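Asker: Structure for the following, please:
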Amino acid sequence: MKIAPSVLTADFSNLREELQSIRSADYIHLDIMDGHFVPNISFGPAIAKSIEEQTHLPLDIHLMVTDPLSWIPKFAFPQTKFITVHIEANHIQETVLAIQKEKIGVGIAIKPKTPIRHMIPYLNDVSLVLVMTVEPGFGGQSFMIDMMDKVRELVKIRKENGLHFLIEIDGGVNEETILIAKDAGVDVAVAGSYLFNMEDREKGMESLR
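Answerer: Got it, this is the predicted structure:
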């Protein structure tokens, strides 16, 4: 299992040390919120660029925004591995093409109430599928176990069609729920408040792995 710590709950007044505390992560997960697609506002390209400059790790950028198309060039950093946009957002086909143009892995995210069938037209073009295991926009929510049905459906689609996208989950990940996720076929787990509430984040990530 790959671990992508979400820095949303990190101490931004002490960012360098916070990033150092998760230096063995597989990716750094950046939750970008516009206050419209989700009620919260997090941070924008300037803070994201500062994070990139203070870590050697690849960035996993999750755009929780209504109009992602105009945001893509702003997050196309050298260390950006994935840019993930929500299937429920505007202009998805154009946004997928814009991400591909930047030579960055395309990610597609899905909210808990959205059926997997809405993603199917895009699965040939994506490197990552993000299944939200909480309602997006707030940290510290409980894991929605029924979202594992979506994970299992994606595993089946991937196998039947010879596809290679990673399956990621985000929300409510801890030592118990990550076992459920592994059994369902998850490849990457985003860990936020659970990890950043620990004194030893390196030990926490190893435990999750």
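
Asker: quick check: longest helix of the chain.
Answerer: helix 148-161 (DSSP state H).

Asker: Which residues does that one contact?
Answerer: With contacts defined as CB atoms under 8 Å, 6 or more residues apart in numbering, helix 148-161 is touched by 110, 116, 120, 123-124, 129, 131, 163-165, 167, 169, 180-181, 183-186. Any C-beta I mention is one placed from the backbone N, CA and C, and that applies to glycine too.

Asker: hmm, 7 Å instead?
Answerer: Residues outside helix 148-161 that contact it (CB atoms under 7 Å, 6 or more residues apart in numbering) are I116, L123, V129, V131, F165, I167, I180, A184, G185, V186.

Asker: Spell out which helix or strand contains the fourth one, please.
Answerer: Using DSSP states H and E, V131 falls within strand 128-132.

Asker: can you give me how far that strand is from the chain middle?
Answerer: Centroid displacement of strand 128-132 relative to its chain, using CA atoms, centre = their mean, to the nearest Å, is 7 Å.

Asker: Next: stretch 196-209.
Answerer: 18 Å.

Asker: Likewise for stretch 1-9?
Answerer: Distance, centroid of stretch 1-9 to centroid of chain: 8 Å (CA atoms, centre = their mean).

Asker: which strands and helices sit next to the helix or strand of the chain with the lowest mean pLDDT?
Answerer: Lowest on mean pLDDT, DSSP states H and E among the helices and strands of the chain sits helix 193-196, with a mean of 90. Counting contacts by 3 or more CB pairs under 7 Å, 6 or more residues apart in numbering; DSSP states H and E, helix 193-196 is packed against helix 201-208.

Asker: Low-confidence stretches in this protein?
Answerer: Along the chain, segments meeting pLDDT under 70 span 138-140.

Asker: Farthest from the middle of it: give me that residue.
Answerer: Going by CA atoms, centre = their mean, the residue of the chain most distant from its centre is E160, 24.4 Å out.

Asker: Outside of stretch 47-66 itself, list whatever touches it.
Answerer: 4, 7, 15-16, 19, 25, 27-34, 36-38, 71, 75, 77, 79-86, 89-90, 109, 130, 136-137.

Asker: Kindly check the end-to-end length of it for me.
Answerer: In stretch 47-66, first residue to last residue: 20 Å (CA to CA, to the nearest Å).

Asker: Could you do stretch 111-118 as well?
Answerer: 11 Å.
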